[in-house]
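**Q** for reference, the sequence and a predicted model appear below.
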Amino acid sequence: MSGHSHWASIKHKKTKEDAKRGKLFSKLIREITIAAKQGGGNPESNPRLRLAIERAKQANMPQENIKKAIMRGTGQLPGATFEEVTYEGYGPGGVAVMVIATTDNKNRTTAEIRKIFAKHGGSLGEVGCVNWMFKMKGVITVPKGNVSEDELLEIALSSGAEDMKDEGTYFEILTTPEDFEKVKKAIEDKKIPVEEAKLSMVPNSTVKLEGHKAEQMLKLMNELEDHDDVNEVYANFDIPDELIEKIA
């Protein structure tokens with residue numbers, strides 16, 4: 001398993017812990033609100049909203065909370081006005097970092113994100129400085145034990161997937177954004193459990209880090225992901241698994 005995929009696996013466990021603390025609800029409500037604001041309140045015609053609702057249901061969010069978040073996004077209910085902001089910068093060792101945040105106060109959030117970068121040996125950059133190093137992909141995670149690798153690979157590729165990787169305890173399937181829903185449905189139609197399915201920025205290449213810089217990088221990731229306004233953090237580091245386990 002590559003270091004970056006190992007971090008993604010640990011992050012998934014952290015997300016479950018966040019759900020217990022209620023922190024995840026706040027982030028999901030913002031995502032639903034933004035999705036409804038940008039693409040309308042009907043999940044059938046708004047793929048981003050549909051995904052956000054699925055994630056909210058997986059986190060056991062009450063239906064009433066979901067409904068209110070959609071209505072705030074479409075303007076049917078009053079509430080804070082959120083906007084989505086993308087931050088780009090560099091971590092230790094020149095690692096490319098992208099941060100997707102949702103905020104009701106851009107100036108405050110920008111200052112706080114800049115401070116986090118600086119604290120851990122990184123720097124906030126200009127818009128466009130690193131996004132060319134990533135491509136938007138559909139990422140579908142399937143736990144091992146419910147399907148053989150050969151069977152899953154056949155289903156994935158025949159429905160339009162680009163690639164499938166063995167990541168230790170699970171399989172990771174990559175698709176284009178356009179084929180994401182089709183591949184996900186093909187897997188679910190075979191009654192194969194999907195642990196996570198989302199659109200994600202996948203790096204074209206990685207930067208290897210060890211020692212102090214690796215430690216700084218993981219602390220930067222941790223603090224960015226823990227920020228209340230941050231939805232997603234993408235980075236192109238490659239750090240040894242044993243160091244990730246130690247720090248995480």
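**A** Thanks, I have the structure now.
**Q** helices along the chain, start to end?
**A** For the chain, the helices defined by DSSP state H cover 3-21, 23-39, 47-58, 63-73, 106-119, 149-158, 180-189, 211-226, 241-247.
**Q** of these, which is nearest Ser205?
**A** Each of the helices of the chain has some distance to Ser205 by Cβ to Cβ; the shortest is helix 3-21, at 11.0 Å. Just so you know, the C-beta spots here come from the backbone N, C-alpha and C atoms, and that holds for glycine as well.
**Q** tell me who's in contact with Gly94.
**A** Contacts of Gly94 were listed using Cβ atoms under 8 Å, 6 or more residues apart in numbering, and they are Val207.
**Q** run the chain-centre distance for the top strand by length along the chain.
**A** The single longest strand within the chain, with elements called by DSSP state E, is strand 134-143. The chain centre lies 9 Å from the centre of strand 134-143; the measure is Cα atoms, centre = their mean, to the nearest Å.
**Q** now stretch 141-152
**A** Counting by Cα atoms, centre = their mean, stretch 141-152 comes out at 22 Å from the chain centroid.
**Q** mind listing what's buried along that stretch?
**A** Thr141, Val142, Val147, Leu152 (16 or more other Cβ atoms under 10 Å).
**Q** could you identify the pair within those that is furthest apart?
**A** Greatest spatial distance among these (Cβ to Cβ): Thr141 and Val147, at 12.8 Å.
**Q** before we move on, back to that, outside of the longest strand of the chain, which residues touch it?
**A** Strand 134-143 is contacted from outside by 12, 96, 98, 152, 156, 161-162, 169-177, 179-180, 183-184, 187, 192-204, 234, 236, using Cβ under 8 Å, 6+ apart.
**Q** domain assignment for this protein?
**A** According to automatic domain parsing, the chain comprises the domains 3-73, 83-132+205-247, 134-203.
**Q** just send those domains back as TSV, with mean pLDDT too.
**A** Below are the domains of the chain laid out as TSV (pLDDT from 0 to 100):
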stretch	mean pLDDT
domain 3-73	83
domain 83-132+205-247	93
domain 134-203	93
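**Q** for Glu54, which non-adjacent residue is closest in space?
**A** Ala197 (7.6 Å; Cβ to Cβ, 6 or more residues apart in numbering).
**Q** who's in contact with the one you found?
**A** With contact set as Cβ under 8 Å, 6+ apart, Ala197 has these partners: Leu51, Glu54, Gly138, Val139, Ile140, Thr141, Phe180, Lys184.
**Q** go again using 10 Å as the cut-off
**A** For Ala197, the contact set (Cβ atoms under 10 Å, 6 or more residues apart in numbering) comprises 51, 54-55, 58, 138-142, 173, 175, 180-181, 183-184, 187-188.
**Q** show the buried residues in these.
**A** Buried members of the contacts of Ala197, counted by 16+ other Cβ under 10 Å: 51, 54-55, 58, 138-142, 173, 175, 180-181, 183-184, 187.
**Q** which among the residues you listed gets closest to Ala111?
**A** Nearest to Ala111 among the buried ones among the contacts of Ala197: Arg55, at 28.5 Å, using Cβ to Cβ.
**Q** tell me how far the closest one lies from Val139.
**A** Distance, Arg55 to Val139, by Cβ to Cβ, to the nearest Å: 13 Å.
**Q** what touches both of those two?
**A** Shared contacts of Arg55 and Val139 (Cβ under 10 Å, 6+ apart): Glu196, Ala197, Lys198.
**Q** from the buried ones among the contacts of Ala197, which is closest to Ser26?
**A** Arg55 (13.1 Å).
**Q** picking up where we left off before, what's the most distant pair in the buried ones among the contacts of Ala197?
**A** Gln58 and Thr175 (19.6 Å).
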